[in-house]
Structure formats: C-alpha cells, structure tokens
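> Please work out how this folds:
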Amino acid sequence: MVVAAVAAGVGWRASSAQPTGEELGVYQVTGLTDAAQRKRLSVLGLDIVGHTADTATVVATQGEAEGLRRSGLTSRYQGTAREFYRYPAGRARGYHDYDSALAQLRDQVSRHPAIARLADIGNSFEGRPIPLMKISDNAGADEGEPEVVLTCNIHAREHLTAEMCLHVVDRYLAGYGTDPAITDLVNGRVLWVLPMVNPDGSEYDKDQQGWRKNRESPAVDLNRNFGHQWGCCQGSSADPESSTYRGEQAFSATETRRIRDFVHSRVIGGRQRIAAHIDFHTFGEMVGWPFGYTAAATGPGMSADEARTFQELGQKMAATNGYSAGKDSELYITDGGFDDWMWGEQRIYSYTFEMYPAQGPAGNGGFYPPAEVIDRETSRNDKAVDLLMSYANCVPKVIGKAC
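Purely as a prediction, here's the structure:
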C-alpha cells in the first residue's frame, strides 16, 4: 500500500509504447478532484503506487487500463512496470535476505536465551519456515500476559519493513535489564515478531524488482486475502494478473492461512490473548486503522467508542513518528485486509504503518530506499511501538475507558 506522491521525471523516463497482452504498465490517473472520482478508482482494485490530492499512479494490466477509461477516468501511460521498478545495482546491499535474517534471529536467541524463543508459524508456499520470535521475561512459559504482534514484509517489495521488525527484536533484547522502560514492558507483556511474512516473495524480489504478491500460481496479494469482508466492496481484484489479486477465496494463500492459524492459536480459555498489532508496510508515512472496506466511520462489529479508541491511539502513535493518521479507507477502499480481519474477526486493535518515505522519486525509490536510512527510519518508530506495548493491557484506557 502506498498513499504518497510519485514525482514525475526524476530517474525514470516514461515510454510511449503501450504494453502488450497482460504485461503490467504504469499509468498516471489525473483529475481526481472529488470523492466520487476517487471511489471510481478505488473500486477497480488496482495497485496504487503513488497518490496526490488529485492524481494517482497505478500499476495495471492493459485490460485494467481499459477499465480506467471505461470508468470515465483520464489516464496516461507512463511505461512498463519493469522499467518503473528498475533501480541501480547495489541498492539491496545493507538489507537482510531470508537466510541472513534467520541467522541474526538465531544469534539473538543464543545471546538472550531466557527472554527469546525462535519458532515458526509453518512453511510458506515454497517451503520456507516463516520465522516467529517470542520476547518475554520468561519466554519458555505461558504466563497469561497481554500480547502484541508485529508483522513485516507481507508485500515482497517492502524490504524496509523486515528491517523494522529485526530492529525491534534487537532493541528489546539489548534493552532488557539496561533500559528500565523496555525491561518493564518485557516483564509485563509478550511480544511476537514476524519479520518476513512473505519470504518467497521477498526472495524473488531480489531479482524481480517491484514484486508485491506471494509466489503461488497464480500469485496472491496477501493483504487482500484475509477473511473479513473478503472481496466485498471492489477494493481488490479478481484478475490473477493484477497486483491486488485477492485469490480464489479467503485464506486461499498459504501464508495467510499460516497467520490465521497462529492468531487462532492465541485464543486460550476462550479469550484472545493478542491485544494489539502493527502490520508494517512501505511507503507513505501514515498510521492507518480499520475498516478499509468502508468509508463509514464505523461498521458492523465496531462501536463509536471502539472507533474513537482506534483513532486516539493511532494519532498518539503518529505524533511520535511524524506520520499522518487516518482510517485505512480515507484515500481508497481495500477489502480482505489484514487489519480488518484482526479487528473484525478477532477483536485485536490492529494498525497498518506505512513507513518512509512520505513520497518517492519516479521509479521504485519509495520501495527501495538506500541502506543508509535503515537505522534512522526503523528507530523512528521506537516510541510508537513502545506506546502500543504500554496500552496492551487495556487499549480502551487511551480514551479513559476501563477494561
């Protein structure tokens, strides 16, 4: 997901030759001056990779581009997606691939065995274990403490998010016993971290820049494959060639089933132990919350007080990192989303963070920022993560409500 502008003419030359067949192309949609026009765009279920107040940059098949025109929207072809996503050699240096991320997690456990446990939630489609780190003061036991989940790299090309999760693991383990605030949080909470939800896609994207989905055939946008209001509201695509293809049915993708089963496993004694969740994405610098499938302030299963709780905590977290804040649907509709399912089916206060940059240069600079920004941009979310952890024992207390 991206909600930021993609500047034209910097580092990427648009092409006049239209793509052939189902090759993905990049199109600039103009004249989005009112809510009705933005709705017409959102219901097409396209991969929106850039957005301003009245324009959008989308990745689409030729058939989807024709759908834009049939909807009465004005669009101009910019070039192939492959050209758009090409970036200078060496940009990936400094980022972890799957093997190096696993090695770092194993090393952390060896150095902090009392408070860290490394497991997995099952294998990806291609057979890679999806790593799961547990951090708690007594990691080998289940003490009934409030739980928080952080997930990263559900979209393959969003590699900065994997660094975000790895940073949190490093900070919480290194800070235990030396940083009083972190020590208190680890003593009173359970933190679950999944740094690479989509390891197959992440590995594939090392050579196929711009890849978003998993690696099944047809590949699925995992963030449109969850079971709450799946495919309900034209906020995803039924076209297998689309970047936002939602799959044949809810939880048809291997990785979303793994997440579902893990979350279900945390229901103990009839109570969901997970209280709060952040799913990290790039880019756009925004904190979002449910529901994405409707523009209404609330929906079935969310009271006015619950909507106010989401908003208040979301705005508090955004105040710590300088991001904007708003409902997932404020710019466009999405259905089958992760955070919608976490709240709609599990009653977990679930947020989507769009990380750095606020806007990207032409081409894929927003998805592949230089490694020099990793430390700065991951640590930028330290206070937000701590804030979510601190409220996990009773999230509604953020609006003065008791639990």
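
> So residue 258 sits against residue 130, correct?
Yes. Taking contacts as Cβ atoms under 8 Å, residue 258 lies within contact range of residue 130: 5.7 Å. The C-beta positions use only the backbone N, C-alpha and C, and glycine is treated the same way.

> between these two, what contacts are shared?
121-124 (Cβ atoms under 8 Å, 6 or more residues apart in numbering).

> Which of those fall in helices?
Using DSSP state H, the subset of the shared contacts of residue 258 and residue 130 located in helices is empty.

> And for residue 185, the neighbour number?
Residues near residue 185, counting by other Cβ atoms under 10 Å, number 24.

> Can you classify it by secondary structure?
On the three-state scheme (DSSP: H, G, I helix; E, B strand; the rest coil), residue 185 is labelled helix.

> Over to residue 94?
Assigned by three-state DSSP, the conformation of residue 94 is coil.

> With residue 44 instead?
Applying three-state DSSP: residue 44 is coil.

> who touches it in this structure?
So residue 44 contacts 64, 67-68, 71, 234, 237 (Cβ under 8 Å, 6+ apart).

> Generate a ChimeraX selection restricted to the buried entries among the residues you listed.
The buried residues among the contacts of residue 44 can be selected in ChimeraX (16 or more other Cβ atoms under 10 Å) with this line:
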select :64,67,68,234,237
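
> Residue 43: which of the contacts of residue 44 is nearest?
residue 234 (3.5 Å; Cβ to Cβ).

> what's the neighbour count on the closest residue to the closest one other than its chain neighbours?
Nearest residue to residue 234, sequence neighbours excluded (Cβ to Cβ, 6 or more residues apart in numbering): residue 43, at 3.5 Å. Applying other Cβ under 10 Å, we find 16 residues neighbouring residue 43.

> so residue 43 sits right up against residue 232, yeah?
No. Using Cβ under 8 Å as the test, residue 43 is too far from residue 232 to be in contact (11.3 Å).

> Common neighbours of the two, please.
Counting by Cβ under 8 Å, 6+ apart, nothing touches both residue 43 and residue 232.

> ok, then the element right after the helix or strand where residue 132 lies?
Here residue 132, judged by DSSP states H and E, is contained in strand 129-135. Scanning forward in sequence from strand 129-135 by DSSP H and E, the next helix or strand is strand 147-151.

> Paired strands for that following strand, with orientation please.
Paired neighbours of strand 147-151 in the sheet (DSSP bridges): strand 190-194 (parallel), strand 274-282 (parallel).

> For the shortest one, C-alpha coordinates in CSV please.
Think strand 190-194. Provided in CSV are the C-alpha atoms of strand 190-194 (Å, rounded to 0.1, in the frame of the first residue of the first chain):
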residue,chain,number,x,y,z
VAL,A,190,4.6,-11.0,25.3
LEU,A,191,5.9,-9.6,22.1
TRP,A,192,5.6,-11.7,18.9
VAL,A,193,7.6,-10.6,15.9
LEU,A,194,7.2,-12.0,12.3
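
> And the residue nearest the centre of this structure?
residue 281 (3.5 Å; Cα atoms, centre = their mean).

> Let me know whether it touches residue 366 as I believe.
No. Residue 281 is beyond contact range of residue 366, at 11.0 Å (criterion: Cβ under 8 Å).

> Please tell me how far the residue nearest to residue 135 when sequence neighbours are not counted sits from residue 133.
The shortest distance from residue 135 to any residue other than its chain neighbours is 4.3 Å, reached at residue 191 (Cβ to Cβ, 6+ apart). Counting by Cβ to Cβ, to the nearest Å, the gap from residue 191 to residue 133 is 8 Å.

> With residue 236 instead?
Going from residue 236 to residue 133 by Cβ to Cβ gives 30 Å.

> The two: who's more crowded?
Relative neighbour count places residue 236 above the other of residue 236 and residue 133, with 28 against 25, counting by other Cβ under 10 Å.

> so what's the more buried one scoring on pLDDT?
What the model reports as pLDDT for residue 236 is 90.

> low pLDDT regions in this protein?
1-22, 35, 52-53, 86-92, 208, 360-365 (pLDDT under 70).

> I'd like to know how many residues surround residue 272.
16.

> Could you check how far it is from residue 349?
Separation of residue 272 from residue 349 (Cβ to Cβ) stands at 11 Å.

> for residue 318, same thing?
15 Å.

> Between the two, which has more neighbouring residues?
residue 349 (26 against 20).

> Pull the residues that contact stretch 312-323.
Against stretch 312-323 from outside (Cβ under 8 Å, 6+ apart): 285-289, 324-326, 349, 351, 353-354, 380-381, 383-384, 387-388, 391, 395, 398-399.

> Could you rerun that using 10 Å?
Contact with stretch 312-323 is made by 276, 278, 284-289, 324-327, 349, 351-356, 358, 377, 379-388, 391, 395-400, as judged by Cβ atoms under 10 Å, 6 or more residues apart in numbering.

> Buried members of those residues into PyMOL, please.
Restricted to buried positions by 16+ other Cβ under 10 Å, the PyMOL selection for those reads:
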select buried, resi 276+278+284+285+286+287+288+289+324+325+326+327+349+351+352+353+354+355+356+358+377+380+381+382+384+385+386+387+388+391+395+396+398
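
> Which of the contacts of stretch 312-323 fall in strands?
276, 278, 286-289, 324-327, 349, 351-355 (DSSP state E).

> Would you map the helices across the stretch 251-400 of the chain?
254-265, 304-321, 338-346, 374-379, 382-391 (DSSP state H, counting those that start in this stretch).

> wait, what's in contact with residue 187?
115, 136-138, 145, 176.

> Please identify which pair of those lies farthest apart.
Maximum pairwise distance among the contacts of residue 187 (Cβ to Cβ): 14.7 Å, between 145 and 176.

> picking that back up, shared neighbours of residue 272 and residue 349, anything?
With Cβ under 10 Å, 6+ apart, residue 272 and residue 349 have common neighbours residue 342.

> Great, nothing more from me.
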